[in-house]
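1. Generate a structure from the sequence data that follows.
(one chain, ligands or ions: 1)
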Amino acid sequence: MKKHGKGVQKTQAAVNNTTQRRQEKRQEEIKAIEELSQRALELAKTGPTSEHKLFTDLPISRPTQQGLERANFVEMTEIQHKTLPYALAKRDVLGAAKTGSGKTLAFLIPALENLYRMRWTHMDGLGALVISPTRELAMQIFEVLCKIGRFHKFSAGLIIGGKRVDEEKEILTKMNILVCTPGRLLQHMDETVGFDCSFLQVLVLDEADRILDLGFRKTMNAIIANLPKQRQTLLFSATQTKSVKDLARLSLERPEYVGVHEKEKVSTPERLAQYFMVVELPKKLDMLFSFVKTHLRAKTIVFMSSGKQVRFVYETFCKMQPGTPLLHLHGKQKQMMRVEIFERFMRMNKAVLFCTDIAARGLDFPAVDWVVQMDCPEDCDTYLHRVGRTARYDASGKGLMFLLPSEASEMTQLMKSKNIPIKEISPKSGKIMSVAQQMQHFCFQDPEIKYLGQRAFVTYVRSVFLQKNKKVFNVEALPLEEYAESLGLPGAPNIRFVKKSTKNESYDLNNLLPPEERERLRKENAADIEMENNAVAQAAKAKTKVEKMFARKNAGVLADHYQKLVEHEGDGHPASDGDGGSSGDDDDNDFITLKRADHELADDNSDDEDIENPANVDSDGDTPVVKTIAINPTTGLPITIPNIPADQMSKRQLRKVKEKIIKNTRNTKIVFDDDGNARPVYDMKTEDSFRNEGSVDKLVSEFQERTRSLMEEADLDDVEVARQKRREKMLARKIREREEMGMQSNRDEQVAVLGTVSSGECSSDEDVDRGRNSAGRKEKRGYGSGSGSGSGSGSDSASDSGSESMDYRRGPQKRQNRGHVLEVDDSSMSLEDQERLALQLLGGN
Ligand SMILES: Nc1ncnc2c1ncn2[C@@H]1O[C@H](COP(=O)(O)OP(=O)(O)OP(=O)(O)O)[C@@H](O)[C@H]1O
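-> Numbering: from 1, shown residues only. Below is the predicted model of the structure:
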């Protein structure tokens, strides 16, 4: 007893000790956190000083320090040195610094630290949100976060398009830190129950200028509306936004603007050598191939303006086997494929990656030697981001840009004004290889390649047409026939808008419009642009037999291989936040999507193609150019389509109209009236028109009366149905019982009949087949000696077909009575007839 008492006392003492130790530890933690906060505030007051060069000099928690150490980050880069003092003190920061200068750590460290200092736990929900414009960049940021945050206890998640939403939904509500793309984030905000952002502490926008530009405007506005205003906001980019409007949208509080390299003479990394080459459009492929062949040991990224071009160049260059690994990356590839290619290129020492601007921002591929911009970038900012994939941190690199003669002078001037030092070089004449003949050969051999070539042609020309800066991009200066020839095509595909623009150059006037309107018109123009893959015309032009066959074979057919390519690579749906996922199968809009993807919300159709204004009339002012087909139930706005008869619409227009109807009537059921117009199932009345119909009480009682009589009718129907079902069941049971009773007495007779058949003129198998083959003929046969007296369709003779075949099978369509086999086609018989027939068989009335 005594002993036991001592034991209890000891245990009690141990528990007390542990509790005390825990309390002490917690006190120490709180004290350390208070100290850190105090130091951070002081540092923010003094600003960055030369004393703080290492991460260890900063007021940063032990877990973050350990994470940084483990990842070998010791000394701060300039942008980190200049922004961290403010960001650690929870100030809003706008950070701008050259590409590859370490901006990622400049926002991840404060995100971790600020949550740590608030003693954030998994119970507190979402504390920090990092938004990136592309999936690959989000993945990369997430990886860095995992590296430096590994000693913290926060939960962190990556939310990007192309993955299974349901899986994400499950984990989402438990996350403290999320790295995401805007489209998918908004989707979860809309759909995921329990996803609550109302306690968010830190919002980070990487590539902020891109995320805040027109392409993401609506998505971002909707996201921001879901976030609390009291929070820290960190914006980072190499080409930072200073737009007051943008900043106002984010409700920044006295933001600290840190432009690290702004005052420097050069806006690109020091170790980056930059060149441009004036290349005629039809010579671009020759030049690119020659470049690849002469840089077989280099790791190179080649930027093009559309996914179609990327695919075409990739496929054809693979066939030419230049002697270095080739990869390609664009927004229409499936997410798995994108990740795989991204990671493979990361690991490779020498390879060529053909890609669109999907890879232009933020990606940190190690040791890239060359960045080649095969198509002129849309502006200097895009140039900077693309070329910034090389010469990162302390590495060196080279950039080469192909410029058309029509682009060269304006573009180089622009670059000069932006402090981008770039030199002209010319290729060594003996080193240029011509690939035109091989291209022709590939296109001739393989219709899919030709098809890809046509699409590449169209998307390139369209990209030039859609560019805003008409001083640089002049679609009319493009030698289209020669360009088509260089791709191996038999002729330049017709492009409607090119003809239009030569007649009417009014599109330049767009520049006078406000940016949003201009963007909408840009999209409208896109609807007019269409490759007329006119196989008939081509076949008519074709002279030789082979040419004719070639033209026919290529007539806009999605052949198997191409189909596979599309299935293999195509995302086949939205979202795309520049990060793929744009919906539908029309990937002709690659260029627009990738450059300025517009992530519109379900209830907003303002930037739809075609015309939204129901009051729009044609130039004569009488016939409306659009007609209203329905009212959007969410916005109450009319949904309009072009006022053109359906048979006069182009395929593209028809598809757009269909898409529009589907989109605007999402979650609503529509019906079509006799004129083929879509309308909602329920036409809602306005309150006024409802009141005009009479007193409310009267209307209510009328409605109740109507409903009551409808319900009574329905009730009668139900009673009848139930009665019929009962009757059917009863009959089925009786038939079964009768058959079971009759079976025993029939058996001897059947055996005798079988014996006769097998020894007779035809086998039983043949009988069965014959029975089957006499499709549609209802044969009624008797067996044994009795001649059948059928019912329903009259009497039957045993030898109707003159054959001895006997069908003794018992199936759903054959009902047997003693001495009779009756074939009954249930499906065409009314219930009453079946009932009568069954009663007759049973010997009833
Ligand atoms: N303090 C540091 N010490 C050593 N390496 C660093 C440091 N900070 C960043 N880096 C390295 O520099 C490279 C570029 O960093 P990061 O991707 O953050 O650049 P960035 O400024 O965001 O570039 P971009 O503008 O292209 O997005 C990365 O490989 C990263 O690991």
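
2. Could you list the low-pLDDT ranges of this protein?
-> Within the chain, the ranges that satisfy pLDDT under 70 run 1-8, 496-639, 663-670, 673-684, 743-845.

3. Up against the ligand, what does it have?
-> 73, 75-77, 80, 97, 99-105, 238, 362, 364, 388, 392-393 (Cβ under 6 Å from any ligand atom). C-beta here means a position set from N, CA and C on the backbone, and glycine is covered the same way.

4. what do you get if the cut-off is 5 Å, keeping everything else the same?
-> 73, 77, 99-105, 238, 362, 364, 388, 392-393 (Cβ under 5 Å from any ligand atom).

5. ok, of those, which one's closest to Leu327?
-> For those, the closest approach to Leu327 (Cβ to Cβ) belongs to Asp364, at 16.7 Å.

6. Let's verify the closest one: helix, strand, or coil?
-> coil (DSSP: H, G, I helix; E, B strand; the rest coil).

7. just checking, it touches Gly100?
-> Yes - the criterion here is Cβ atoms under 8 Å, and Asp364 meets it with Gly100 at 7.3 Å.

8. Can you check which residues contact both of the two?
-> Arg392 (Cβ atoms under 8 Å, 6 or more residues apart in numbering).

9. So for the two, which sits in the more crowded spot?
-> Gly100 (23 against 18; other Cβ atoms under 10 Å).

10. Name the SS class of the more buried one, please.
-> Applying three-state DSSP: Gly100 is coil.

11. Would you check how far apart it and Asn17 are?
-> 53 Å (Cβ to Cβ, to the nearest Å).

12. Please enumerate the helices of the stretch 601-750 of the chain.
-> 651-664, 687-692, 696-759 (DSSP state H, counting those that start in this stretch).

13. Just give me the neighbour total for the spatially closest residue to Gln335 that is not a sequence neighbour.
-> Once flanking residues are discounted, Gln335 sits nearest to Gly162: 2.8 Å by Cβ to Cβ, 6 or more residues apart in numbering. Counted with other Cβ under 10 Å, residues neighbouring Gly162 total 21.

14. so Gly162 makes contact with Lys332?
-> No - Gly162 lies out of contact with Lys332 (Cβ under 8 Å); the separation is 11.1 Å.

15. Skipping adjacent residues, who's closest to Trp370 in space?
-> Thr300 (4.3 Å).

16. That neighbour: neighbouring residues, count only.
-> 23.

17. these two touch, right, it and Ala351?
-> Yes - with contacts counted by Cβ under 8 Å, Thr300 reaches Ala351, the gap being 7.5 Å.

18. quick revisit: most tightly surrounded among the helices of the stretch 601-750 of the chain?
-> A comparison of these by mean neighbour count, using mean count of other Cβ atoms under 10 Å, puts helix 651-664 on top with a mean of 16.

19. Mind giving me the packing neighbours of that one?
-> helix 515-528, strand 626-631, strand 638-642 (3 or more Cβ pairs under 8 Å, 6 or more residues apart in numbering; DSSP states H and E).

20. and after the host helix or strand of Glu113, which helix or strand comes next?
-> Counting by DSSP states H and E, the element that carries Glu113 is helix 103-117. Next along the chain after helix 103-117, taking DSSP H and E as the criterion, comes strand 128-131.

21. Show me what that next one is in contact with.
-> Contacts of strand 128-131 (Cβ under 8 Å, 6+ apart): 107-108, 111-112, 114-115, 138, 141, 145, 176-182, 185, 197, 200-206, 211, 223, 227.

22. In strands, which of those fall?
-> Mapping these onto strands (DSSP state E) picks out 177-180, 202-206.

23. Neighbour-wise, which one of those leads?
-> Using other Cβ under 10 Å as the neighbour criterion, Val179 leads the ones in strands among the contacts of strand 128-131 with 30 neighbours.

24. Which residues are in contact with it?
-> Counting by Cβ under 8 Å, 6+ apart, the residues that Val179 touches are 130, 132, 138, 141-142, 145, 156-159.

25. Sort out which one of these lies nearest the ligand for me.
-> For the contacts of Val179, the closest approach to the ligand (Cβ to the nearest ligand atom) belongs to Ile141, at 8.6 Å.

26. If we ignore the residues flanking it in sequence, what's nearest the closest one?
-> In space, Ile141 is closest to Val179, 5.1 Å off (Cβ to Cβ, 6+ apart).

27. if we look at the sheet, which residues does the one you found bridge to?
-> Val130, Leu158 (DSSP bridges).

28. Tell me how far it lies from the ligand.
-> 14 Å (Cβ to the nearest ligand atom, to the nearest Å).

29. just Gly67 next, same as before
-> 13 Å.

30. and if you look at Glu170?
-> From Glu170 across to the ligand, the span is 30 Å (Cβ to the nearest ligand atom).

31. ok, the closest residue in space to Glu424 that isn't next to it in sequence - how many residues close by?
-> Once flanking residues are discounted, Glu424 sits nearest to Phe276: 5.8 Å by Cβ to Cβ, 6+ apart. Neighbourhood size, Phe276 [other Cβ under 10 Å]: 22.

32. The helix or strand harbouring Phe276: partners in the sheet, and parallel or antiparallel?
-> Per DSSP H and E, Phe276 falls inside strand 272-278. Taking DSSP bridges as the criterion, strand 272-278 forms sheet pairs with strand 397-403 (parallel), strand 423-424 (parallel).

33. Following element in sequence after that strand, please.
-> helix 284-294.

34. after that following helix, next one along is what?
-> strand 299-303.
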